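S.K.: structure, please.
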Amino acid sequence: MTFGKSKTNSVATPPYLLEIIRNEFGEFFDPCPLNREFDKTKDVDGLSIKWKRVNYCNPPYNSAKPWVLKAKLEQDRGNTTILLLKLSTLGTQYMKVFANTAELRVFSHKLAFPGYQGIARFTNVFLIFHADKRLAGTVKYISHMPCS
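M.R.: The predicted structure follows:
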């Protein structure tokens, strides 16, 4: 596969990003695991279940909003959630709502996703809803690249 017009909005998280998350937050629950064959009549809907203490979510980019809203709800329940999103997903409305409750980490480099040739044409971010709301309202830049 190549980047351009993707046939799916669901892509696997680069393994080095999962390692970064585990190193900082420990083990996590993924309420939205990659499932290109998702069938809402057979599969568990991550939006309708309780999440764990620490969660990581790489939602489909075309329907990120309900996942962001759920992450905020989980923060209010005392849970931490890290979301991998396109920067363009976080429009003005998102930032007005979440700027004071979440941390934003912007990747200074474009990501390469497993199964695709080349790098993405868009910028990604981690939007982090910390349970204790520490670092809420902060913006950081992630500048390191994976080791080859």
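S.K.: show me what contacts the closest residue in space to K110 that isn't next to it in sequence?
M.R.: The spatial neighbour of K110 that comes closest, neighbours along the chain excluded (Cβ to Cβ, 6 or more residues apart in numbering), is I119 at 4.1 Å. The way it works is simple: take the backbone N, C-alpha and C, and place the C-beta from them, glycine included. The contact partners of I119, taken as Cβ atoms under 8 Å, 6 or more residues apart in numbering, are 3, 109-112.
S.K.: need the per-residue pLDDT for I119.
M.R.: Here the pLDDT value assigned to I119 is 78.
S.K.: check N35 too.
M.R.: Note for N35: predicted pLDDT of 74.
S.K.: quick one: the closest residue to it other than its chain neighbours from K65, how far?
M.R.: Computed as Cβ to Cβ, 6+ apart, the closest residue to N35 that is not its neighbour in sequence is D43, at 6.3 Å. Going from D43 to K65 by Cβ to Cβ, to the nearest Å gives 20 Å.
S.K.: the helices in this protein, which residues?
M.R.: Taking DSSP state H, the helices of the chain run over residues 15-25, 65-76, 92-98.
S.K.: can you put the ones you listed in TSV and add mean pLDDT and mean neighbour count?
M.R.: Shown next, in TSV, are the helices of the chain (pLDDT from 0 to 100; neighbours: other Cβ atoms under 10 Å):
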stretch	mean pLDDT	mean neighbour count
helix 15-25	94	14
helix 65-76	93	18
helix 92-98	67	13
